[in-house]
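# Generate a structure from the sequence data that follows.
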Amino acid sequence: KNSDTLSKLQKQELKADAQLLKEELKSAGEAAAQAYAACPNLNVLVGALLEGGLALMSSRCTVTPGIALKPMLAKVGCGIGDAVGKLGKKAQAREKELGEERVKVE
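Got it, this is the predicted structure:
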């Protein structure tokens, strides 16, 4: 009976560790995406990451004069049907301006 209890506790700890790791990886991925959007130079990004981890990557990979930013908000779509399909019921309104279509999300 003690081994069953120990086994259950170990399984719970492993589950909690796996969840924590999943959250940390998601956070690291978001930080890397944000750093790459501000400084789309893999040599700088990977070098900073290897040298000092996420903290150095985030501080070193900032907006730099002469290096173009990657677009962060716009996503290319095939039309309004594509946008509504991705957004589902969140798509509230559509506006058309100078040949561009936008979807308002609330």
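# Could you give the number of residues near Ala35?
22 (other Cβ atoms under 10 Å). Where you see a C-beta, it was placed from the backbone N, CA and C, and this is true even at glycine.
# Same question for the one 4 residues further on.
When counting by other Cβ under 10 Å, one arrives at 20 neighbours for Cys39.
# got it, and Gly52?
Residues near Gly52, counting by other Cβ under 10 Å, number 13.
# residue contacts, it?
Taking Cβ atoms under 8 Å, 6 or more residues apart in numbering, we find Gly52 in contact with Arg60.
# Buried ones in the helix or strand where it lies, by neighbour count?
For Gly52, the enclosing helix or strand under DSSP states H and E is helix 42-60. With burial defined by 16 or more other Cβ atoms under 10 Å, the residues of helix 42-60 counted as buried are 44-45, 48-49, 57-58, 60.
# Kindly present those as a markdown table, with separate columns for distance to Ala31 and pLDDT.
What follows is those, written out as a markdown table (distance: Cβ to Cβ, whole Å; pLDDT from 0 to 100):
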| residue | distance to Ala31 | pLDDT |
| --- | --- | --- |
| Val44 | 14 | 88 |
| Leu45 | 11 | 89 |
| Ala48 | 11 | 92 |
| Leu49 | 10 | 91 |
| Met57 | 7 | 89 |
| Ser58 | 6 | 86 |
| Arg60 | 12 | 87 |
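# This completes my enquiry, with thanks.
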